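> Pasting the sequence and the predicted coordinates here, then a few questions.
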There are 2 protein chains.
Amino acid sequence: MSDQRTEISAIGEFGLIEHLTRENETKQAGTLVSVGDDAAVVDHFGKQTVITTDLLLEGIHFDLMYTPLKHLGYKAVVVNLSDVYAMMATPTHITVSIGVSNRFSVEALDEFYEGVYAACEKYNVDLVGGDTSSSLKGFVISVTAVGEVATDKFVTRSGARNNDLICVSGTLGAAYLGLQLLEREKKIFLESPGVQPDLQNRSYIVGRILKPEPRADIVEWLQTEGIVPTSMIDISDGLCSELLHICKNSDVGCTIYEEKLPIHDEARQMAFEFGLDPTACALSGGEDYELLFTIAPSDYEKIVGNEGISVIGHINEPVGGAMLVTKQGNRHKLTAQGWNAFQQ
Amino acid sequence: MSDQRTEISAIGEFGLIEHLTRENETKQAGTLVSVGDDAAVVDHFGKQTVITTDLLLEGIHFDLMYTPLKHLGYKAVVVNLSDVYAMMATPTHITVSIGVSNRFSVEALDEFYEGVYAACEKYNVDLVGGDTSSSLKGFVISVTAVGEVATDKFVTRSGARNNDLICVSGTLGAAYLGLQLLEREKKIFLESPGVQPDLQNRSYIVGRILKPEPRADIVEWLQTEGIVPTSMIDISDGLCSELLHICKNSDVGCTIYEEKLPIHDEARQMAFEFGLDPTACALSGGEDYELLFTIAPSDYEKIVGNEGISVIGHINEPVGGAMLVTKQGNRHKLTAQGWNAFQQ
């Protein structure tokens, strides 16, 4: 951040909007009207439109003490894009609304929007609207993403069938462990401000919490290979929680295997250092933004070739419930212990 | 509100979502996937999609001391629909995200959503998504509305041409005066809690601030009459501010006449009681949610028949600036003194 500080009040609300969108370029041919009118107009050429939205509040979803504003802007966008990809759709447009107290300068908001635009650039998405407002306290972010998908090619949570294979992209639990590490270093810093944070050899887990990427690549690969998942969801609240969503919405049960859970070495080491069970972190740690999906057994041969996808179990009759088989062969009922915003 | 109080923590985030959407019915044939999946899927049958969003924060945009939660839910939706109508488009879908502290009970949120659903019902709009979160303090609301419009039939702020007539629907300034009245009664109540608020014969102005309606009827009427406005905007920040938006975006000037400004008798009386100039209230008072639009001079004969629309002036060359002609014949430059969220 530069040392210059321009008060938001000095340029006013409309000035702020102009300022923040001055480099906003439209990329989609269908964007007929973008920021600067009452609403955005989008031509979808007969494709189906996908809409999703997220609200992020300071002190609840992020801590500015260890979250750079640019990363925050990037993450606020990609967590929404992740929801669009989880429909097997392609994000095309977003709106971003923010509420900020006078604690924030224009330069600080510039950093935030740098991240927003970086995500738009990377995922070929247009920012087409939003709202800026003052807040009495704290930073409020609301992002809505719209995407498109060929007619009836979207994938919901409710299509998993008996014997389908359960797949997950990437690795699990690292974002949660990255967060634990940042929280520990914050505590140490608050107690002894002279001590530098010790993040050496932790770039993977810290990156997972601060700069997640939606799995556009997995969606593209599935489309290229002609694999149509029977159900799909993105992992924001933790594997267990999302798996139970699929089971409930598809009216099925499932069995997953501890030994199949993809856990990164760095995450495993960090878990041991914290005295945590890596499996528990993989099952219940949130914010991985990986894709969890089910495929017909006949697609197994196609999927095994992709090292970025792990087959972790299978769907069974609802009467079998949702179970984890441990490395020792014990069966445990899966329960959602994911992050619950309303728990004290 | 009933006396029962269920803590949000008692039903959890997913329970809350289920609870709040249990009566949510889809009305649009194009709604393929609604609340309950990662994103909503909407088929627009080749029409163009309109997207708009608003962020409302407690203490900034509303005061729960005199805003019933049901009214707040209704208003949060209709202010977004108003933006869609201001494009000459028809709203079809909304998403609603809320952040609430544990100060709010489930019953309180029920009231809020009663208003949300009432607005959806009245304007034939589907609630298709959202996000619920806890907040450390205060009530946060983010609404996104999506609408559709026949190919290239939308109306922006940038089409006003020299000699076009400037039209406004309904009356101006009443919402601002309603707010002043509520603020006065709040102050009296805080000083002397025994005194009942005196809102007699004030139902029009209080209704204007607490329960605004978007002008769907005006848009429909224009479409029926075959009148295509050259530009259009909804009045949320005050007539002056919106008129200057049209002038800037259309690269034109304008002249409006004080004697033509539509001001309701009740608003005029309230202004006098507060020692305020009714004209100033009409020019700069916000939140009327009326439509401001320009039409070609040739459409004048068609528009005069509608008593709900006032012709208040005309567009002129940019060099003429944006001017108000007073009842005494004096000319004043119009300046936006509307509500500025960032002014101290």
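Received the coordinates, thanks.
> ranges for the helices of the stretch 51-200 of chain A?
A:69-85, A:106-122, A:174-191 (DSSP state H, counting those that start in this stretch).
> closest to B:C254 out of those?
helix A:106-122 (30.7 Å; C-beta to C-beta). Every residue, glycine included, has its C-beta placed from N, CA and C.
> Show me what counts as buried in the closest one.
A:106, A:108-120 (16 or more other C-beta atoms under 10 Å in any protein chain shown).
> Which secondary structure elements does it sit against?
Judged by 3 or more C-beta pairs under 8 Å, 6 or more residues apart in numbering or on different chains; DSSP states H and E, the packing partners of helix A:106-122 are helix A:8-20, helix A:69-85, strand A:90-100, strand A:126-134.
> any idea how far the most centrally placed residue in chain A lies from A:K187?
Nearest to the mean C-alpha position of chain A, counting by C-alpha atoms, centre = their mean, stands A:V79 at 3.4 Å. The spacing between A:V79 and A:K187, counted by C-beta to C-beta, to the nearest Å, is 26 Å.
> Might you list the low-confidence residue ranges for chain A?
A:1-3, A:8, A:12-14, A:16-17, A:20-46, A:337-344 (pLDDT under 70).
> residue ranges for the strands of it, please.
All strands of chain A, identified by DSSP state E, fall at A:31-33, A:40-43, A:48-57, A:90-100, A:126-134, A:140-149, A:165-169, A:231-234, A:253-257, A:291-295, A:309-316, A:322-325, A:331-333.
> Could I get the ones you listed in a markdown table, plus columns for mean neighbour count?
Putting those into a markdown table (neighbours: other C-beta atoms under 10 Å in any protein chain shown) gives the following:
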| stretch | mean neighbour count |
| --- | --- |
| strand A:31-33 | 20 |
| strand A:40-43 | 24 |
| strand A:48-57 | 26 |
| strand A:90-100 | 26 |
| strand A:126-134 | 23 |
| strand A:140-149 | 28 |
| strand A:165-169 | 24 |
| strand A:231-234 | 26 |
| strand A:253-257 | 20 |
| strand A:291-295 | 26 |
| strand A:309-316 | 21 |
| strand A:322-325 | 20 |
| strand A:331-333 | 10 |
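> what about those strands, which gets the closest to A:I209?
That would be strand A:48-57 among the strands of chain A, by C-beta to C-beta, at 13.8 Å.
> Quickly check: that closest one near chain B or not.
Yes. Strand A:48-57 comes into contact with chain B (C-beta under 8 Å from any C-beta of the partner chain), by way of A:48-57.
> quick one, that strand and strand A:90-100 angle?
Following axes from the mean of the first three to the mean of the last three C-alpha atoms, to 10 degrees, one obtains 30 degrees for the angle between strand A:48-57 and strand A:90-100.
> tell me the helices in the stretch 201-344 of chain A, going along the chain?
Counting by DSSP H, counting those that start in this stretch, the helices of the stretch 201-344 of chain A are A:203-210, A:216-225, A:239-250, A:265-274, A:278-284, A:300-304.
> chain center to the last one: distance?
Same thing as helix A:300-304. 26 Å (C-alpha atoms, centre = their mean, to the nearest Å).
> check contacts around A:A145.
A:50-53, A:77, A:80-81, A:83-84, A:91, A:93-94, A:125, B:39 (C-beta atoms under 8 Å, 6 or more residues apart in numbering or on different chains).
> same deal with A:I263?
A:I263 makes contact with A:171-174, A:278-279, A:281-282, according to C-beta under 8 Å, 6+ apart.
> Save these as JSON lines, and put in distance to A:D237 and neighbour count too.
Formatted as JSON lines, the contacts of A:I263 follow (distance: C-beta to C-beta, whole Å; neighbours: other C-beta atoms under 10 Å in any protein chain shown):
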{"residue": "A:T171", "distance to A:D237": "17", "neighbour count": "23"}
{"residue": "A:L172", "distance to A:D237": "12", "neighbour count": "29"}
{"residue": "A:G173", "distance to A:D237": "13", "neighbour count": "31"}
{"residue": "A:A174", "distance to A:D237": "15", "neighbour count": "30"}
{"residue": "A:P278", "distance to A:D237": "18", "neighbour count": "22"}
{"residue": "A:T279", "distance to A:D237": "17", "neighbour count": "19"}
{"residue": "A:C281", "distance to A:D237": "14", "neighbour count": "25"}
{"residue": "A:A282", "distance to A:D237": "13", "neighbour count": "28"}
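> Setting aside sequence neighbours, what's the nearest residue to A:E114?
Distances taken as C-beta to C-beta, 6 or more residues apart in numbering or on different chains put A:K70 closest to A:E114, at 4.9 Å, once the chain neighbours are dropped.
> domains in chain A, as residue ranges please.
Using automatic domain parsing, the domain parsing of chain A gives A:11-149, A:165-333.
> which one of the ones you listed lies closest to B:F272?
Nearest to B:F272, of these and by C-beta to C-beta, is domain A:11-149 at 30.5 Å.
> how far is that closest one from where the chain is centred?
On C-alpha atoms, centre = their mean, the centre of domain A:11-149 falls 14 Å from that of its chain.
> how far does that domain stretch from start to finish?
40 Å (C-alpha to C-alpha, to the nearest Å).
> so what's the spatially closest residue to A:V79 that is not a sequence neighbour bridging to?
Spatial nearest neighbour of A:V79, chain neighbours left out: A:D54 (5.7 Å); criterion: C-beta to C-beta, 6+ apart. Taking DSSP bridges, one finds A:V143 as the beta-bridge partners of A:D54.
> hang on, the earlier thing: of the contacts of A:I263, closest to chain B?
A:L172 (18.0 Å; C-beta to the nearest C-beta).
> Tell me which residues touch the residue nearest to A:E114, please.
A:111-112, A:114-115, A:118 are the contacts of A:K70 under C-beta under 8 Å, 6+ apart.
> Any chance of the residues you listed in CSV with distance to B:S192 as columns?
Shown next, in CSV, are these (distance: C-beta to C-beta, whole Å):
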residue, distance to B:S192
A:E111, 48
A:F112, 45
A:E114, 52
A:G115, 50
A:A118, 55
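> Which single residue of the stretch 101-250 of chain A ends up nearest chain B?
A:S142 (3.5 Å).
> Pretty sure that residue sits against B:I141.
No. Under the criterion of C-beta atoms under 8 Å, A:S142 makes no contact with B:I141, lying 9.1 Å away.
> overlap in contacts of the two?
Going by C-beta under 8 Å, 6+ apart, residues that sit against A:S142 and also against B:I141 are B:55, B:97.
> Compare the helices and strands packed on helix A:106-122 and report which one is nearest to A:V311.
Closest among those, using C-beta to C-beta: helix A:69-85, at 19.7 Å.
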